[in-house]
Structure formats: C-alpha cells, structure tokens
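Colleague: Predicted model, plus sequence, below.
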Amino acid sequence: MPLRTPTAQSPLAAIVTGSDSGIGRAIASELAAQGINVGITYNSDVEGAEETAAEARAHGVRTAVAKLDLTGLPQSAHVIDDLADALGAVDILVNCAGTGSSQPALDMSFAQWREVLSVNLDGAFLCSQAAARRMAARGEGGRIINITSVHEHAPRVGAAPYCASKAGLGALTKVLALELSEYGITVNSVAPGEISTPMTGQDDVDPRSQDRPGYPLKRPGHANEVAAVVSFLASPAAEYVTGSSYVVDGGMLLMGPQASGALESAAWREG
C-alpha cells in the first residue's frame, strides 16, 4: 500500500520532534519545501521552534508548534495526537528529539541513565505508537523515520546510555518495520555522524571549513545532508524501503580497523 496521494485540499502532514534547531529544523524545512504541512516540537526553545515554523511557512505550508518534554512520559506523548489534529492528519513521523551524556558508566547515576533512555528510546516508542495507530486507522499508509546516530552501530567511551538508546532505537525500527508493514507503514532509521549543529557546538559553522583527517570525506556533515536522506525516505521513491538504517557520516564508521591501527596513544579511553 503506497503512502496516500496528497491533494490540494488534503496535503501530506509530517510531525518532526525536536525541530527547534539543528537536524530537526533542517528536516522540517526540507519537508515543507516538498509541500508537506509540518508539526514542530520543542522542549525549551520555543523561539527556535517558531523560527523553524516561519522557515516552513515560507514554502507555503501550514505549521503547528507544540512543547514536547520526553522526560514527562507517558503523558507528554499526547502531543503527537494534538499536532495530528491541528494538521488534519499525520502521514510522516520523524523522531528527532534526543539527548546525550558524557560520563563514564562507573560514575553515572541511575537517574542520568534513565533520562537519556527515556528521551531517546521511550519517547521514540511512544511517539511512534501514537502516530502509527492513527496511520493504521486511516488505512492509507505512512512513514516513520527515526534519527539515530552512528552510535546505533558503534560504541563511544563516556556515552553508555546514548549508545544503548540509539542501538535500541535501531532494533525498534526493525521490529516496527515488520509489525507495521501490513498497514503500508514503512519504518527506517537515519544514522548521522558528526553534524555541524548546536548539539556539537558548531552552530552556523561551514562544515567544509572543519578539518577531520580521520574521516574519509575529511569534514563533518551539514544538517541539510541528513534532511536530504529523510526527504528521500518520506517520498514515493522509498515506497519499497523499510527496516533499513541509512548512515550519513562521511565514511566515519568505515574507519574502525583502519583508524585503530593508526592510534599511537591510549587517549581514546578518556572519551
């Protein structure tokens, strides 16, 4: 079953969580450029969310903005239904909201562990569940796209809950792809590497000006390069793609054995 065909009276509608800045903003803007109405969520940066909405409306689409605090689960997941009601539907859900940590596992409190898991994994599950229930009831297909990370596939010192949550979200993606296929809903993940965004302290930086000799493409990525892959997965061209993970990392993951063999110190143990 293909995703429903949009009409002038009923265009497609997408919800992009965590779209007040960075990758989420780039995705919301890119989908809007394709004529898709966009629901935008934020946790604390309402001004950023309104800026994203203004970017989207410049493409002539409708927007809706809502606060989504994924530490307040399960109640806060109702925001998906609220945005779907405001937009008239939800055809595409992009789970982009996330958080991280930078602390050795031996020093980490359970509360810190649970907060990262709650936002990155529990939140994506509940948002996907809410959106998928509406898609299935409507009977016209749908798309769920989870923004994971290269750490869906590879570990990093000092990021135990982040890596565990992203690997878990990758596995959840595959399970949902199987379970939701009968409703014509595809589920995929996009796994960015280092992207020049506020989260990496590189807001408004041209990634081509940042030298990364350890990456095959020698630079970080731009949020628009992640958004382009999401746009493909949300398009009719990706109708036969489900349960896949698209890595957008400039070749970083390919460097595992190559890079480890080139290390001359054990500084990597410090994260």
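Modeller: Done, it's in. Please read all numbers here as calculations on a predicted model, not as lab measurements.

Colleague: Please state the offset of the biggest strand by length in the chain from the chain centre?
Modeller: When the chain is parsed with DSSP state E, its longest strand is strand 185-192. With C-alpha atoms, centre = their mean, to the nearest Å as the basis, strand 185-192 stands 8 Å off its chain's centre.

Colleague: Start at 58, not 1
Modeller: Taking 58 as the first residue, the last one we looked at is strand 242-249.

Colleague: Now do the helix or strand following it: which elements does it pack against?
Modeller: Going down the chain from strand 242-249, the next helix or strand is helix 280-290, by DSSP states H and E. Under the contact criterion of 3 or more C-beta pairs under 8 Å, 6 or more residues apart in numbering; DSSP states H and E, helix 280-290 touches helix 79-90, strand 199-204, strand 242-249, strand 302-305. C-betas here are computed from N, CA, C, even on glycine.

Colleague: Export the ones you listed to TSV and append columns for distance to residue 171, mean pLDDT and mean neighbour count.
Modeller: Output for these, formatted as TSV (distance: least, C-beta to C-beta, whole Å; pLDDT from 0 to 100; neighbours: other C-beta atoms under 10 Å):
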stretch	distance to residue 171	mean pLDDT	mean neighbour count
helix 79-90	23	97	26
strand 199-204	20	98	27
strand 242-249	22	98	26
strand 302-305	25	98	19
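
Colleague: Just grab the bridge partners of residue 203 for me.
Modeller: Counting by DSSP bridges, residue 203 is bridged to residue 152, residue 246.

Colleague: rewinding a little: what angle do the longest strand of the chain and helix 79-90 make?
Modeller: 130 degrees (axes from the mean of the first three to the mean of the last three C-alpha atoms, to 10 degrees).

Colleague: coming back round to it: mind putting the helices and strands packed on helix 280-290 in a markdown table, distance to residue 107 included?
Modeller: Below are the helices and strands packed on helix 280-290 laid out as a markdown table (distance: least, C-beta to C-beta, whole Å):
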| stretch | distance to residue 107 |
| --- | --- |
| helix 79-90 | 11 |
| strand 199-204 | 21 |
| strand 242-249 | 25 |
| strand 302-305 | 27 |
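
Colleague: quick one: least confident helix or strand in the protein?
Modeller: helix 313-319 (a mean of 87; mean pLDDT, DSSP states H and E).

Colleague: That one: how far from the chain's middle?
Modeller: Centroid displacement of helix 313-319 relative to its chain, using C-alpha atoms, centre = their mean, is 28 Å.

Colleague: Kindly report the same for stretch 304-311.
Modeller: Taking C-alpha atoms, centre = their mean, the mean C-alpha location of stretch 304-311 is offset from the chain mean by 17 Å.

Colleague: again with stretch 200-214
Modeller: 9 Å.

Colleague: Then stretch 65-85?
Modeller: Relative to the mean C-alpha coordinate of its chain, stretch 65-85 is positioned 11 Å out (C-alpha atoms, centre = their mean).

Colleague: Low-confidence ranges, the stretch 58-207 of the chain, go.
Modeller: 58 (pLDDT under 70).

Colleague: Show me where it has its helices.
Modeller: 79-90, 103-114, 135-144, 167-174, 180-195 (DSSP state H, counting those that start in this stretch).

Colleague: same for the fourth one, what does it pack against?
Modeller: Applying 3+ C-beta pairs under 8 Å, 6+ apart, one finds that helix 167-174 contacts helix 217-237.

Colleague: Now the helix it packs on: buried residues?
Modeller: 217-227, 229-231, 233-234, 237 (16 or more other C-beta atoms under 10 Å).

Colleague: before we move on, what about stretch 267-279?
Modeller: Applying 16+ other C-beta under 10 Å to stretch 267-279 flags 269, 272, 276, 277, 278, 279 as buried.
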